[in-house]
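**Student:** A predicted structure for the sequence below; I have some questions about it.
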Amino acid sequence: MGRDDDERADAEERLGEFERAFDGRGGYRRAVGWLVLLGAAVVMLLAAAIVFTAAGLWRLGVPAALLAAACAFVAAPVARGAALRHGNRVVSLFGGGLAVSGGPEGEASYTWDDLVSVTLAGVRRGRRTRWRLTLLAEDGRVLRFGEELPDVSALGEAVAAEAASRQVPRHLAAVKAGEEVCLGPFTVDLEGVGKEGERLPWHAVRDVVIENGVVAVRTRGERTALAAIAGHMPDALVFTALCSQVKALNEGHR
């Protein structure tokens with residue numbers, strides 16, 4: 001067995017059956033390879049530029065210097081990119097939680113109940129959406145994942161769904177007991193949903209959705225009455241699922 005197999009077997013003892021791995025090491029190796037190639041090109045072109053310039057061959061020295069500058073310009077974003085800084089990370093999903101290896105946090109594993117909040121944010125730039133996943137663990141550690149992982153949005157959706165399946169029943173029980181539950185800037189109770197002093201009774205709420213990067217509480221006239229940016233709100237999926245259940249509960253009692 002290799003090291004990866006040993007680590008997976010150890011994690012399975014605590015977290016259950018392995019389901020999927022999100023492995024950023026391929027991107028890390030590609031980034032290192034590009035940096036090596038571009039770095040070597042910069043060194044050779046600069047050396048050539050110096051030699052040609054010293055020999056008075058400006059027609060060759062200047063283009064060599066410009067090519068060296070171009071290679072350095074291309075290498076800069078690779079050096080700053082997430083693939084190089086955090087790209088040796090591997091996140092493995094199991095039936096009962098997730099395990100992280102590599103990266104600045106080292107090795108760590110968490111059951112689904114160990115995760116306090118999940119925030120999945122997408123920023124659209126042209127035709128491409130850049131995703132960021134932030135997990136807050138019960139021990140206070142904050143785990144951040146981005147483009148260094150392939151399919152990070154799928155990872156975020158999977159973790160958010162697991163978190164929701166555990167948190168929503170707890171929050172629903174609290175609401176049924178007459179408590180007010182706070183999720184991000186919103187509050188939820190048996191009477192309605194509120195945000196920063198504004199409140200809507202459940203009979204005025206059409207639905208609560210996540211759409212175009214916004215968590216929206218919409219009225220029956222399809223007007224967005226309360227809203228928050230999904231990427232700035234932990235547990236947005238938990239909030240929408242809780243609202244759906246509390247609204248149904250309220251309508252069932254009417």
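**Tutor:** Structure received. Numbering: from 1, shown residues only.
**Student:** which residues of the stretch 151-254 of the chain score low on pLDDT?
**Tutor:** Across the stretch 151-254 of the chain, the ranges flagged by pLDDT under 70 are 252-254.
**Student:** gap between the residue nearest the centre of the chain and residue 149?
**Tutor:** The centre of the chain sits closest to residue 133, judged by Cα atoms, centre = their mean, with a distance of 1.4 Å. Going from residue 133 to residue 149 by Cβ to Cβ, to the nearest Å gives 8 Å. (C-beta placed from N, C-alpha, C; glycine too.)
**Student:** between these two, which contacts overlap?
**Tutor:** residue 155 (Cβ atoms under 8 Å, 6 or more residues apart in numbering).
**Student:** now stretch 55-69 - C-alpha only, CSV.
**Tutor:** Provided in CSV are the C-alpha atoms of stretch 55-69 (Å, rounded to 0.1, in the frame of the first residue of the first chain):
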residue,chain,number,x,y,z
ALA,A,55,29.3,42.5,-28.3
GLY,A,56,27.5,45.5,-29.7
LEU,A,57,24.8,43.4,-31.4
TRP,A,58,21.8,45.5,-30.3
ARG,A,59,19.5,43.9,-32.9
LEU,A,60,19.9,40.6,-31.0
GLY,A,61,20.3,41.9,-27.5
VAL,A,62,17.2,44.0,-27.3
PRO,A,63,14.8,41.2,-28.6
ALA,A,64,16.4,38.7,-26.2
ALA,A,65,15.8,41.1,-23.3
LEU,A,66,12.2,41.7,-24.3
LEU,A,67,11.6,38.0,-24.6
ALA,A,68,13.1,37.5,-21.1
ALA,A,69,10.7,40.2,-19.8
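**Student:** quick check: buried residues in it?
**Tutor:** Neighbour counts over stretch 55-69 (16 or more other Cβ atoms under 10 Å) mark 61, 64-65, 67-68 as buried.
**Student:** and for stretch 242-254?
**Tutor:** Within stretch 242-254, the residues scored as buried using 16+ other Cβ under 10 Å are 242-243, 245-247, 250.
**Student:** and the furthest pair within the residues you listed?
**Tutor:** Using Cβ to Cβ, the two most remote members of the buried residues of stretch 242-254 are 242 and 250, lying 12.2 Å apart.
**Student:** which stretches of the stretch 51-200 of the chain form strands?
**Tutor:** Using DSSP state E, counting those that start in this stretch, the strands found in the stretch 51-200 of the chain span residues 90-94, 97-101, 108-111, 115-125, 128-137, 142-145, 181-183, 186-188, 192-195, 198-201.
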